[in-house]
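>>> Structure for the following, please:
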Amino acid sequence: MQFLNYLKGVWQRLFPLKDIKQALGIKPAITDDMLSSIELWQKCFSGNAPWLNDDVISLRLEQSITREFANITLNEMTASVSNDKLQRLFETATEDLNIELQSGLATGAMVIKPLGGDKVQYISANAFVPIEFDARHRLVKVIFPEFRKIGDNYYTRLEYHNLDTEKGLT
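Modelled structure (predicted):
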């Protein structure tokens with residue numbers, strides 16, 4: 001996980017948000033300041049706040065707070081999906097939802113991405129780039145960067161999703 005976080009940091013430095021528009025013709029719906037805040041929140045959540053040193057240690061309150069919010073949220077939550085197939089997938093996916101929601105709460109957002117079959121991927125805000133929100137503030141266009149090391153080579157895959165009201169997910 002630490003290696004992937006390192007790669008995400010490298011990606012963000014090598015591929016800043018302002019360059020996404022130039023490289024892909026897409027303007028992200030997030031600022032560099034917000035991206036920096038998400039990175040800070042992730043560091044705090046993982047016990048690596050920048051103000052920590054040998055004299056200042058973390059009490060890890062971030063984990064306790066997000067765990068409590070996730071517990072309260074899920075205990076009080078009632079959710080359903082209008083599509084039967086996606087509803088069954090959602091029910092299977094919610095088995096790990098508590099732990100994954102904690103990371104989403106820590107970074108400010110989370111996406112549950114269906115992978116096919118009965119598998120889903122939980123993606124917190126530090127691992128996706130929002131491109132567009134609709135009038136109801138729902139994320140409708142997003143990029144999911146994926147990093148792989150194969151041998152001595154590093155690869156970045158940018159997975160673009162567009163939720164069209166007529167065509168569905170493209």
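>>> pLDDT weak spots in this protein?
Applying pLDDT under 70 to the chain flags residues 1-23.
>>> Could you give the backbone dihedrals for the most centrally placed residue in it?
The structure's the chain has its C-alpha centroid closest to residue 124; by C-alpha atoms, centre = their mean the separation is 2.2 Å. Residue 124 adopts backbone torsions of phi -80, psi 170, taken as degrees, to the nearest 10.
>>> What are the buried residues along the longest helix along the chain?
Among the segments of the chain that qualify as a helix by DSSP state H, the longest is helix 61-76. Applying a neighbour-count criterion of 16 or more other C-beta atoms under 10 Å, one finds 62, 63, 66, 70 buried in helix 61-76. The C-beta positions use only the backbone N, C-alpha and C, and glycine is treated the same way.
>>> Show me which pair in these is furthest apart.
The distance between the two most remote of those (C-beta to C-beta) is 12.3 Å, for 62 and 70.
>>> list residues touching both of these two?
Common neighbours of residue 62 and residue 70, counting by C-beta atoms under 8 Å, 6 or more residues apart in numbering, are absent.
>>> ranges for the strands of this structure?
110-116, 119-124, 129-133, 139-150, 153-164, 168-169 (DSSP state E).
>>> which stretch among those comes nearest residue 103?
Short answer: strand 119-124, nearest of the strands of the chain by C-beta to C-beta, at 4.5 Å.
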